[in-house]
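# Take a look and give me a structure for this.
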Amino acid sequence: MSKLIAAQNVDLKKQLVEQEQLHAKQLQRQRTMHEKEMEKQKKLLDRCRQQNKGLEEVSREGVESYMNSIVGPLSDENDKLSKENKALKVQVRNLEGQIERLEAEIGMLKERANAGES
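Reported below is the predicted structural model:
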């Protein structure tokens, strides 16, 4: 009986290690995706800031017609970026939720493994 329990413990430990490795890979993949998305957002923000700086310079120069030709496209671009930003925020929240679920699963697997060792 004790040999059977010991064998089960070994199997459970192997399963736990495999699950932890899988979860670690998934977590790393999600972190990488998150980092890429954040970098993309930073670049978009920098681009918007540069455009804004350019608009301020043009405004100071008093070239109203040039402002009118840029405001429309920038407004459209801003709307587009705002929507994309909102979508990315939702995606980040979803990824964070997935990370939390994976961490909870790891915790449950550890508890099961610990319970199996008892």
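
# Let me know how buried the closest residue to Leu95 other than its chain neighbours is, in neighbour terms.
Once flanking residues are discounted, Leu95 sits nearest to Gln30: 4.9 Å by CB to CB, 6 or more residues apart in numbering. (Glycine included, C-beta is placed from N, CA and C.) Residues lying near Gln30 (other CB atoms under 10 Å) number 17.

# I'd say Gln30 and Arg101 touch.
No - the pair Gln30 / Arg101 is not scored as a contact, 10.9 Å apart, by CB atoms under 8 Å.

# if I look at the residue nearest to Leu95, how far off is His23?
10 Å (CB to CB, to the nearest Å).

# before we move on, what about Glu84?
Taking CB to CB, one finds Glu84 at 30 Å from His23.

# Also Leu81?
34 Å.

# Ok, Arg101 next?
10 Å.

# In this protein, which helix is the longest?
helix 2-61 (DSSP state H).

# mean confidence score for that helix?
For helix 2-61, mean pLDDT is 90.

# Now do that helix: distance to the chain's middle.
5 Å (CA atoms, centre = their mean, to the nearest Å).

# what's downstream of it, the next helix or strand?
Note on helix 2-61: by DSSP states H and E, the next helix or strand toward the C-terminus is helix 64-117.

# now that next one, how far from the centre of its chain.
5 Å.

# And it, what does it pack against?
Judged by 3 or more CB pairs under 8 Å, 6 or more residues apart in numbering; DSSP states H and E, the packing partners of helix 64-117 are helix 2-61.

# what's the helix it packs on packed up against?
helix 64-117.

# pLDDT on the helix it packs on, on average?
Rounded mean pLDDT across helix 64-117 is 85.

# So what angle separates the directions of it and helix 2-61?
170 degrees (axes from the mean of the first three to the mean of the last three CA atoms, to 10 degrees).

# please renumber so the chain begins at 331
Okay, residue one is now 331; in that scheme the one you just asked about reads as helix 394-447.

# Which residue lies nearest to the residue most central in space within the chain in three dimensions, sequence-adjacent residues excluded?
Geometric centre of the chain, nearest residue: His364, 2.8 Å, by CA atoms, centre = their mean. Once flanking residues are discounted, His364 sits nearest to Leu425: 5.5 Å by CB to CB, 6+ apart.
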